[in-house]
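Engineer: Let me see the structure of the following:
(one chain, ligands or ions: 2)
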Amino acid sequence: MPPHTAAQPDLVIREALLIDGTGASGLRGDLAVKDDRIVAMGDLATIKGGREISANGLALAPGFIDTHTHDDRALLSDPLLPCKISQGVTTVITGNCGISLAPLSITRYPPPPLDIIAREPEQFFPTFDQYLSALDRDPPALNAACQVGHTTLRAGAMDAFDRPATAGEIGAMRRVLETALEQGAIGMSTGLYYPPAKDAPTEEVIELAKPMRAYGGIHTTHMRDEASHLIRSVNETIAIGKASGVPVVISHHKASGTQNHGLVKDSLKLIDEARKSQALGLDVYPYVAASTMLDARRIAASSKIIVTWSKSMPEHAGQALDAIAKKLGCTMEQAVEKLVPAGAIYFMMSEDDVRHVLSYPHTMIGSDGLPHDQHPHPRLWGTFPRVLGHYVRDVKLFPLEEAVRRMTALPAAQFGLKDRGMLRPGAYADLVLFDPATIADTATFEKPKTPAAGIARVMVNGRTVWCDGAATGERPGRALRRGALGPMGGNMPLH
Ligand code: ZN
Ligand code: CU
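Structural biologist: Numbers count the residues shown, from 1 in each chain. Ligands and ions are numbered 1, 2, ... in the order given. As a prediction, this is how the structure comes out:
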């Protein structure tokens, strides 16, 4: 190693197309890294790095922020998380759709959809601090900012889910949530569509969202209905944001079921109007198929269903539900009963709608990938390269710089991730070097676990985690605490 002066950067990446995350046009230049930060950018001909890499004109962008994940346990069980770093993702937001690994102690099989993230009761953490400390002790390759799930809170406080929480139960959930926020949780998600939370009235959510205001917390939601009552659900979400004074993010925005296709045009108008008076965001994944727990309620609205895992009949993972029913000599509904607990992919959105939501300037990108599924939806491995390759380069839905902004600076601001999501001196060196001409998703519904093409190098906190098609084994990721986050976190009063 050459001797280091205090001012000498550890690394200079030369001749890159610097896409800074703000949406500004890419500029040819160099970028220098020292320790975990970017220290200089532009023409750095006079600076010599401890190490030098030529980018040969490839795009260098802030690492992508996956705004919607279920990586809570995968961060511990598969800490290199190749499905994410191979896409250029350097930070994940966890705890979405109402489900998180903490804070919860249970002794039974986790009630679905909690089993999307953990299928053993011992895999849950009684406190948020214990969960974040586990990440500190055994860090993953990328950063994580973690939410508390409302369904997780319900599972800890209620003996039955088919009713509103009592005042006493709301008080208990609120105390657990506040403690988690003090310990570093960034907010609370809901999954009001799902059985354990569908009987929670709007007021229950408002009562739990309210205290987050003082903590600078965020509320994200898998809404009650993404089908014929989509507009009603968006109105409910807006009302929760308004009554609680907390920023809200609508998860995986879509209209499910043929008869509802096109509804996102109205919902986006509604969102646009509400944004004038409150903090409201949304994310989307770039596919026409959804994926979650296997549920007979979705059969009618889906043109095709693929089973992704099954506890009782794992041999059927990857097969179509109608084919499984045929094999078993029963109806699809009866097959569901035999397969559950299980997961599935549902073809239920329209391509027009997906493009319409993707095109909305305030839409962030979130994979919603399910890392423990035996035969996962390809969004787990393909979301970010699919936007940049298919939708940006091939379909020309919007410019490259704009796509990068929606994956970096926009989510960093929305979730208050301090000094991330932008290329600038002083920001963390979370970086992705990729080829805009060849970047592509290779994961398909048939073969879903394959890494993206066109990603040359991925760095997290100044260290390379992915290079030339493989994980390096480095694990420089950090559990990002709310108190250590940006404007919505760090600058808010702590209790
Ligand atoms: Zn969801
Ligand atoms: Cu989700």
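Engineer: all contacts plus neighbour counts: C-alpha atoms, from now on.
Structural biologist: Will do.
Engineer: Around ligand 1, which positions in this structure sit nearby?
Structural biologist: Taking C-alpha under 5 Å from the ion as the contact definition, the chain meets ligand 1 at 97, 222.
Engineer: and the chain, what are its domains?
Structural biologist: Following automatic domain parsing, one gets these domains for the chain: 11-62+425-473, 64-289+349-414, 290-348.
Engineer: residues in contact with the residue in the stretch 101-250 of the chain that ligand 2 sits nearest to?
Structural biologist: Closest to ligand 2 within the stretch 101-250 of the chain is H222: 6.9 Å, counting by C-alpha to the ion. Taking C-alpha atoms under 8 Å, 6 or more residues apart in numbering, we find H222 in contact with 96-98, 189-193, 250-252.
Engineer: what's the least confident helix or strand in the protein, going by average pLDDT?
Structural biologist: Ranked by mean pLDDT, DSSP states H and E, the helix or strand of the chain with the weakest confidence is helix 212-215, at a mean of 94.
Engineer: Check the offset of that helix from the chain's centre.
Structural biologist: 22 Å (C-alpha atoms, centre = their mean, to the nearest Å).
Engineer: Which is the succeeding secondary structure element to that helix?
Structural biologist: strand 218-222 (DSSP states H and E).
Engineer: Closest to the centroid, which residue in this protein?
Structural biologist: Nearest to the mean C-alpha position of the chain, by C-alpha atoms, centre = their mean, lies H68 at 1.9 Å.
Engineer: now the closest residue to that one other than its chain neighbours: how far from P411?
Structural biologist: Residue nearest to H68 in three dimensions, not counting chain neighbours: G366, with 4.3 Å by C-alpha to C-alpha, 6 or more residues apart in numbering. Distance of G366 to P411, given as C-alpha to C-alpha, to the nearest Å: 10 Å.
Engineer: quick one: secondary structure of the residue nearest to A403 when sequence neighbours are not counted?
Structural biologist: Spatially, and ignoring its direct neighbours in sequence, A403 is nearest to L388 (6.9 Å; C-alpha to C-alpha, 6+ apart). L388 falls in the helix class when you classify it by DSSP: H, G, I helix; E, B strand; the rest coil.
Engineer: So L388 sits against A437, correct?
Structural biologist: No. The criterion here is C-alpha atoms under 8 Å, and L388 misses it with A437 at 9.6 Å.
Engineer: which one of those two has more residues nearby?
Structural biologist: Legend: neighbour count by other C-alpha atoms under 10 Å for L388 and A437, higher for L388 (27 against 13).
Engineer: Next one: the residue nearest to A403 from A59, what distance?
Structural biologist: 12 Å.
Engineer: Can you check which residues contact both of those two?
Structural biologist: By C-alpha under 8 Å, 6+ apart, the residues touching both L388 and A59 are P436.
Engineer: got a list of what the residue nearest to A403 touches?
Structural biologist: 400, 403, 436, 439-440.
Engineer: what number of residues lie near P341?
Structural biologist: Using other C-alpha under 10 Å, P341 is surrounded by 22 other residues.
Engineer: Check I250 too.
Structural biologist: I250: 23 surrounding residues under other C-alpha under 10 Å.
Engineer: Flag the shaky bits of the stretch 351-495 of the chain, pLDDT-wise.
Structural biologist: Where the stretch 351-495 of the chain drops to pLDDT under 70, the residues are 484-495.
Engineer: residue contacts, whichever residue of the stretch 1-150 of the chain sits closest to ligand 2?
Structural biologist: Closest residue of the stretch 1-150 of the chain to ligand 2, C-alpha to the ion: C97 (4.8 Å). Each residue near C97 by C-alpha under 8 Å, 6+ apart is listed here: 149, 189-191, 220-222, 251.
Engineer: for A471, same thing?
Structural biologist: 80, 82, 85-86, 465.
Engineer: How much space separates it from ligand 1?
Structural biologist: Separation of A471 from ligand 1 (C-alpha to the ion, to the nearest Å): 28 Å.
Engineer: Run through the bridge partners of L17.
Structural biologist: On the basis of DSSP bridges, L17 takes part in beta bridges with R28, A59.
Engineer: I'd like the distance from it to K48, if you could.
Structural biologist: 19 Å.
Engineer: Compare these two (neighbour count), which wins?
Structural biologist: Between L17 and K48, L17 has the larger neighbour count (other C-alpha under 10 Å), namely 23 against 14.
Engineer: Surely that one is in contact with A24?
Structural biologist: No. Applying C-alpha under 8 Å, one finds L17 not in contact with A24, separated by 11.8 Å.
Engineer: In contact with T22, which residues?
Structural biologist: Neighbouring residues of T22 by C-alpha under 8 Å, 6+ apart: 401-402, 405, 409, 422.
Engineer: related to what we said a few turns ago, how about the residue nearest to the centre of the chain, what does it touch?
Structural biologist: 92-94, 96, 251-252, 283, 365-368.
Engineer: What pLDDT does the model give it?
Structural biologist: Reading off the confidence values, H68 has pLDDT 98.
Engineer: Could you shift the numbering so residue one becomes 438, and keep it that way?
Structural biologist: Will do, 438 is the new start, and the previous item becomes H505.
Engineer: quick check, it in a strand?
Structural biologist: No. Under three-state DSSP, H505 sits outside any strand and is assigned coil.
Engineer: for it, phi and psi?
Structural biologist: The phi and psi torsions at H505 (degrees, to the nearest 10) take the values phi -140, psi 100.
Engineer: quick one: the strands in the stretch 738-887 of the chain?
Structural biologist: In the stretch 738-887 of the chain, the strands defined using DSSP state E, counting those that start in this stretch lie at 741-747, 779-784, 800-802, 868-871.
Engineer: so what does the helix or strand following the last one touch, helix or strand wise?
Structural biologist: So the one you mean is strand 868-871. Beyond strand 868-871 in the direction of the C-terminus, DSSP H and E gives the next helix or strand as strand 892-897. Under the contact criterion of 3 or more C-alpha pairs under 8 Å, 6 or more residues apart in numbering; DSSP states H and E, strand 892-897 touches strand 526-531, strand 868-871, strand 900-904.
Engineer: Go through strand 892-897 and flag the buried ones.
Structural biologist: In terms of neighbour count (16 or more other C-alpha atoms under 10 Å), strand 892-897 has its buried residues at 892-897.
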